[in-house]
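Trainee: Task: produce atomic coordinates for the following.
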Amino acid sequence: MTAYVNIPCFTCYLVVLIWNVKGFKFSVLLKFCLSVQERSRVLFRFADLIEKHNDELAALETWDNGKPFEQSAKIEIPMLARFFRYYAGYADKIHGLTVPADGQYHVQTLHEPIGVAGQIIPWNFPLLMFAWKVAPALACGNTIVLKTAEQTPLSALYAAQLLYEAGLPPGALNVVSGFGPTAGAAVASHMDIDKVAFTGSTDTGKIVLELAAKSNLKTVTLELGGKSPFIVCEDADVDKAVELAHFALFFNQGQCCCAGSRTFVHERVYDEFIEKAKARAAKRVVGDPFKGGVEQGPQIDSDQFEKILKYIDYGIKGGATLETGGERFGSKGYYIQPTVFSNVKDDMRIAKDEIFGPVQTVLKYKELDEVIKRANNSRYGLAAGVFTQNIDTANTLTRALRVGSVWINCFDVFDASIPFGGYKMSGNGREKGIYGLKNYLQVKAVVTPLKNPAWL
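Mentor: Numbering: from 1, shown residues only. The predicted structure follows:
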């Protein structure tokens, strides 16, 4: 493999960096703080620079990650700009309240920056996760130490450079590259970091939470794994359901925490769905992500590549029917054929574990109550998809499914205004929207006695 660029790996140096950031936090927040109006202008200018450098950012994202360039350039980089504009608009609208209290007191609340925010982002959507974390943290007036995934350091470093070009004060955003057990652990456990936001696997999330608890009890938000149900109801237009279920699973090479990776199909339309899902997967264009028309690039690295092939083998040996795919695509690179399994049972590993790859598992169900119970029978609770023409069915499922997001007749809708997060072992807290601001604010109550008040 050819190395195109060398990125420094931060380990022991991170401690010094955090200490410097801590000192900067006090100077910025107490003395040289940007006004909320200027904070807003910096984020708006950054959004403009994102659009100006759209293709460079998209190329770095594809180079780093392997996702199709068209996906990066036409979907993800415009979303990046949208996120920063959204939170730029919030920067001058963050304020406390005046609270009525019993007795002669004036009570107000202050919404203050939490301090130094440690942020650890994953490799599957480096720039979008950069936006989900950095934009609200800066809008609220925090400083940041952000650790990129070791597989994908390039795009975040370039984005940070553009943020400084937009006018961000020196030291407000610090991007470090390194491995989880060293740099990531330093962020989670450092006594001078006040909050950690992590996106990644559930197992690593547990470690982050433990390190935070053992250090300074810093607050933690976690966006973790998923095994999301995609439920195709008996009234579904099968052609449309097949296409949406295909997108829900195979988008981003299947490397998506909320992928619709358990496709539940009503028995009335199951056989038709299988035939059409198999045909759609066989038509999926796999290849060089920089070529036009390519839908699926390589998996992120050899570890993920081997893991996915291992799970395909689990499916075959476990008794599921391999309808299409199941092998390496081509003779070089980490490409995997789009794979579809039918006759999948709930207790199979491919139905329980997060595969994080282009492997669609299709399960049959008969009754609505049955599929609700089976869909909820998972340690995860990140998202779900529902495909139906019946509003009553949609409403029933929306309220019954124990997940953080339910998409009705759509999937992977990620506007900046829509909160995202999970139930159960898919994490805690919410990112995006107004809910994302709460992760980066402290609420302080201020009580002052009133003398001879004219009113209470």
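
Trainee: In a helix, Ala248, correct?
Mentor: Yes: with DSSP: H, G, I helix; E, B strand; the rest coil as the criterion, Ala248 is part of a helix.

Trainee: neighbours of it, just the number please.
Mentor: 25 (other C-beta atoms under 10 Å). Every residue, glycine included, has its C-beta placed from N, CA and C.

Trainee: Kindly report the same for Met191.
Mentor: Around Met191 there are 11 residues (other C-beta under 10 Å).

Trainee: Please tell me how far it sits from Gly115.
Mentor: With distances taken as C-beta to C-beta, to the nearest Å, Met191 is found 12 Å from Gly115.

Trainee: pretty sure Ala60 is touching Tyr158, no?
Mentor: Not quite, residue 60 is Leu, not Ala. Yes: between Leu60 and Tyr158 there is a contact under C-beta atoms under 8 Å: 5.7 Å.

Trainee: With neighbour numbers in mind, choose between those two.
Mentor: Between Leu60 and Tyr158, counting by other C-beta under 10 Å, Leu60 is the more crowded of the two (23 against 18).

Trainee: SS state for the more buried one?
Mentor: Secondary structure state of Leu60, per three-state DSSP, is helix.

Trainee: Name all residues that make contact with it.
Mentor: Leu154, Ser155, Tyr158 (C-beta atoms under 8 Å, 6 or more residues apart in numbering).

Trainee: Please apply the same query to Val340.
Mentor: Ile274, Ala277, Lys278, Ala281, Leu322, Glu323, Thr324, Gly325, Gln360, Val362.

Trainee: Among those, which are located in helices?
Mentor: Judged by DSSP state H, the subset of these located in helices is Ile274, Ala277, Lys278, Ala281.

Trainee: Go over the secondary structure and confirm Glu112 is in a strand.
Mentor: Yes: under three-state DSSP, Glu112 falls within a strand.

Trainee: so what's it bridging to?
Mentor: On the basis of DSSP bridges, Glu112 is bridged to Gln442.

Trainee: Please report how far it lies from Ala73.
Mentor: Glu112 is 39 Å from Ala73, by C-beta to C-beta.

Trainee: What of Phe273?
Mentor: On the measure of C-beta to C-beta, Phe273 and Ala73 end up 32 Å apart.

Trainee: more crowded one of those two?
Mentor: Neighbours were counted for Phe273 and for Ala73 using other C-beta under 10 Å; Phe273 has more, 23 against 18.

Trainee: got a list of what that one touches?
Mentor: Residues counted as contacts of Phe273 (C-beta under 8 Å, 6+ apart) are Val232, Val238, Ala241, Val242, Ala245, Val265, Val362.

Trainee: one more time with 10 Å, if that's ok
Mentor: 232, 236, 238-239, 241-242, 245, 263, 265-266, 342, 362, 364 (C-beta atoms under 10 Å, 6 or more residues apart in numbering).

Trainee: Show me which of these are buried.
Mentor: Val232, Ala236, Val238, Ala241, Val242, Ala245, Thr263, Val265, His266, Ser342, Val362, Lys364 (16 or more other C-beta atoms under 10 Å).

Trainee: Now for the residues you listed: which two are most distant?
Mentor: Farthest-apart pair in the buried ones among the contacts of Phe273 is Ala236 and Ser342; separation 16.8 Å (C-beta to C-beta).

Trainee: Tell me which stretches of the stretch 201-350 of the chain form helices.
Mentor: Along the stretch 201-350 of the chain, counting by DSSP state H, counting those that start in this stretch, helices occupy 202-214, 238-250, 270-283, 302-318, 349-352.

Trainee: Point out the other helices and strands that the second one packs with.
Mentor: Using 3 or more C-beta pairs under 10 Å, 6 or more residues apart in numbering; DSSP states H and E as the contact criterion, the neighbours of helix 238-250 among helices and strands are strand 229-232, strand 262-266, helix 270-283, strand 339-342, strand 359-365, strand 383-387.

Trainee: Next, the buried residues of whichever helix or strand comes after the fifth one.
Mentor: Right, strand 359-365. Sequence-wise, the next helix or strand downstream of strand 359-365 (DSSP states H and E) is helix 368-376. Buried positions in helix 368-376, judged by neighbour count with 16+ other C-beta under 10 Å: Leu368, Val371, Ile372, Arg374, Ala375, Asn376.

Trainee: what's the answer for stretch 253-264, then?
Mentor: Buried residues in stretch 253-264, counted by 16+ other C-beta under 10 Å: Gln253, Gly254, Gln255, Cys256, Cys257, Cys258, Ala259, Gly260, Ser261, Arg262, Thr263, Phe264.

Trainee: Give me the pLDDT for the first one.
Mentor: Spelled out, it's Gln253. Gln253 carries a pLDDT value of 98.

Trainee: Kindly provide the distance from it to Arg284.
Mentor: For Gln253, the distance to Arg284 (C-beta to C-beta) stands at 11 Å.

Trainee: Now for the two: what residues contact both?
Mentor: With C-beta under 10 Å, 6+ apart, Gln253 and Arg284 have common neighbours Glu295, Gln296, Pro338, Pro358.

Trainee: Quick one: residues contacting the first one.
Mentor: Neighbouring residues of Glu295 by C-beta under 10 Å, 6+ apart: 68, 70-71, 246-247, 250-251, 253, 283-287, 289, 338.

Trainee: Quick check: phi and psi on it?
Mentor: Glu295 adopts backbone torsions of phi -100, psi -20, taken as degrees, to the nearest 10.

Trainee: Now do the helix or strand containing Val176: which elements does it pack against?
Mentor: Element membership of Val176, judged by DSSP H and E, is strand 173-177. If you count contacts as 3+ C-beta pairs under 10 Å, 6+ apart, strand 173-177 packs onto helix 13-30, strand 116-120, helix 126-139, strand 143-148, helix 154-165.

Trainee: ok and the second one relative to strand 143-148, angle-wise?
Mentor: The directions of strand 116-120 and strand 143-148 differ by 10 degrees, with axes from the mean of the first three to the mean of the last three C-alpha atoms, to 10 degrees as the criterion.

Trainee: what is the orientation angle of strand 116-120 with helix 202-214?
Mentor: Using the same axes, to 10 degrees: strand 116-120 against helix 202-214 is 160 degrees.

Trainee: Could you do the last one as well?
Mentor: What separates the directions of helix 154-165 and helix 202-214 is an angle of 50 degrees, with the same axes, to 10 degrees.

Trainee: All good on my end, thank you.
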